[in-house]
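**Student:** have a look; sequence and predicted model below, questions after that.
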Amino acid sequence: MYFKAISLAAALLAVAPAAASTVTLDCVMTDLARSGGWIARAALIKVDTARKSVQLLKPTPDQLNGSVRKAKLARNSGGKMVLRWVVTGTRSKSNQTTPAFNYRAMVQTDTGAVSVIAKPIGYGNDFRASGSCKIS
């Protein structure tokens, strides 16, 4: 399995209303044409907006192909949440390794629309996906 699960999870982390302290994001990516297999189709994430911390509930750690580091809620204002995180030690199903990826997920808190960008560190390309999140 690709690193797909991690990137979608990150996208989910970015969708949380500013007033709530803990928010759960249940996201599904519907446009994966430019994801390159590095962004997950679905994710379930818990976001503590007061502490700006995130916890990935799905995919589970044993389903991920890499380790999530430095996950944080970077912005929660203006109807938008932005989440940033780094995934290290990734390996694709074709056995390609990448030391780390920078991820950014942007969620529109009023509509639940989410977009995710995954950028391999040291390379000029990026991978993208979009979808929607249920916020509770």
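**Tutor:** Thanks, I have the structure now.
**Student:** neighbours around residue 78, how many?
**Tutor:** 9 (other C-beta atoms under 10 Å). In this view, the C-beta of every residue, glycine as well, is placed from N, C-alpha and C.
**Student:** low-confidence ranges, the protein, go.
**Tutor:** Applying pLDDT under 70 to the chain flags the ranges 1-20, 60-64.
**Student:** what about the helices in it?
**Tutor:** Ranges of helices in the chain, per DSSP state H, are 4-13.
**Student:** tell me what residue 54 is bridged to.
**Tutor:** residue 47 (DSSP bridges).
**Student:** isn't it up against residue 44?
**Tutor:** No. The criterion here is C-beta atoms under 8 Å, and residue 54 misses it with residue 44 at 11.4 Å.
**Student:** between those two, which has more neighbouring residues?
**Tutor:** Remark: of residue 54 and residue 44, residue 54 carries more neighbours, 26 against 19, as counted by other C-beta under 10 Å.
**Student:** tell me how far that one lies from residue 22.
**Tutor:** Applying C-beta to C-beta, to the nearest Å, the value for residue 54 to residue 22 is 11 Å.
**Student:** same thing with residue 85?
**Tutor:** 18 Å.
**Student:** the more surrounded of these two?
**Tutor:** Neighbour count, other C-beta under 10 Å: between residue 85 and residue 22, residue 85 has more, with 23 against 13.
**Student:** partners of that one in the sheet?
**Tutor:** residue 103.
**Student:** what sits against it?
**Tutor:** 10, 13, 54, 68-72, 102-103 (C-beta atoms under 8 Å, 6 or more residues apart in numbering).
**Student:** let's see that with 7 Å instead.
**Tutor:** 10, 68, 70-71, 103 (C-beta atoms under 7 Å, 6 or more residues apart in numbering).
**Student:** among those, which two are most distant?
**Tutor:** Farthest apart among the contacts of residue 85 by C-beta to C-beta are 10 and 70. That separation is 11.2 Å.
**Student:** neighbour count for those two, which is higher?
**Tutor:** Taking neighbours as other C-beta under 10 Å, residue 10 and residue 70 compare with residue 10 leading, 32 against 11.
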